[in-house]
Structure formats: structure tokens, C-alpha cells
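**Q** How does the following fold in three dimensions:
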Amino acid sequence: MSRVGKAPVTIPQGVQVALADRILTAKGKLGTLQMTLSPDVETTIEDGKVTVAPRAETKRARMQWGATRALVNNMIRGVTTGYQVNLDINGVGYRAAVQGKNLVLQLGYSHEIQFPIPGDIKIVCEKPTAIQISGADKQRVGQVAAVIRAYRKPEPYKGKGIKYSTETVRRKEGKKK
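**A** Prediction:
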């Protein structure tokens, strides 16, 4: 029995959740998110709560039960408070800036990298060495952060590169003489 799936998701004030033809829509102050529900689970909205239950006792239905409940919870939290990922840039001459609809990264290459900012994501650079990525969709925020980090991952000898603010770079000892 799924411990995650058993708990109903409460709908906070100011959020509208609608279910039509296996498509769940959550609308709040930060936008609108949609999700196509699996045919293995039954979803109901009543008394200000979204409840998910498996349709059968198969292994696949039980797996989808907890996963669907977690995704619904992420949608509702996303349209109310949103998600945020912070990136730190380390390295001499490494910096980032938002210019129009692009994030301009200078990461030690011979050219600067122009990253187009998606419409549903907000990127802010308060300092040249700090990037803040925020949005309503947890998956999109995480994916954009991963793509930006992939331009120059932190290396273990000097720690240069782009890292998550919560990440610890494992440092290695250099060459011996």
C-alpha cells in the first residue's frame, strides 16, 4: 500500500483544480499547469482535496498511484508558491548576466554563451556569479538549471564551473612534484 498515495492533496485558497477527460488542470497566481493522468489510477476532487486511488491491484497501478499523487502535489505547490533553484559560478572571469530574453554566460571559452530563457521560467542574476531560476513547473525549473550547469560543470581540482548552491564539490589533490 502506498504511503504517499494514501494522503489526499489539499487545495489551498486561490487555486482552482479541474478534471476533464483524464487531464488535470491547476490554476493559481503563478500560472496554469496541466497533467495527463494515467489510466491506471482514479482521481477525484471533493471537499477541497484531490484523492488518488489505483483502479486495480497490479504492480503498475500501485506504482502510478504514489507517482500521480506526488505529481499532483507538485502542480498545486507550483501554482501557489513556485519552485526555485540557485546556481553559483566559481572561476576567474566567469560571470552571467540577463540581457533581454537571453542569459549571457562567460565561462572561459573563446565565446560567450547565449541561453534563451523559456517563457515559463524566470531567471535573475543579482550578482554576476549567482543565477536564480524560478517557475511554477518543478520539472522545467530543474531541467533549465541542469542545462545551464552542463555548460561548465564544476571540476574537482580548483572547483571552477557552475554548481548548485546546495552542492558540495568534492576536491582532489593536485600533482605532486
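
**Q** element containing residue 87?
**A** strand 83-90 (DSSP states H and E).

**Q** likewise residue 125?
**A** Going by DSSP H and E, residue 125 is in strand 121-127.

**Q** Can you point out the buried residues in that strand?
**A** Across strand 121-127, burial judged by 16 or more other CB atoms under 10 Å covers 121, 122, 123, 125. (Glycine included, C-beta is placed from N, CA and C.)

**Q** Excluding sequence neighbours, find me the nearest residue to the second one.
**A** By the measure of CB to CB, 6 or more residues apart in numbering, the closest residue to residue 122 outside its immediate chain neighbours is residue 134, 5.0 Å from it.

**Q** what do you get for the first one?
**A** With CB to CB, 6+ apart as the measure, residue 135 is the residue that lies nearest to residue 121, at 4.5 Å, once sequence neighbours are left out.

**Q** For the one you found, give me phi and psi.
**A** phi 180, psi 180 (degrees, to the nearest 10).

**Q** ok, how many other residues are close to the residue lying closest to residue 118 once chain neighbours are set aside?
**A** Nearest non-adjacent residue to residue 118, counting by CB to CB, 6+ apart: residue 144, 6.6 Å away. For residue 144, the count of nearby residues is 23 (other CB atoms under 10 Å).
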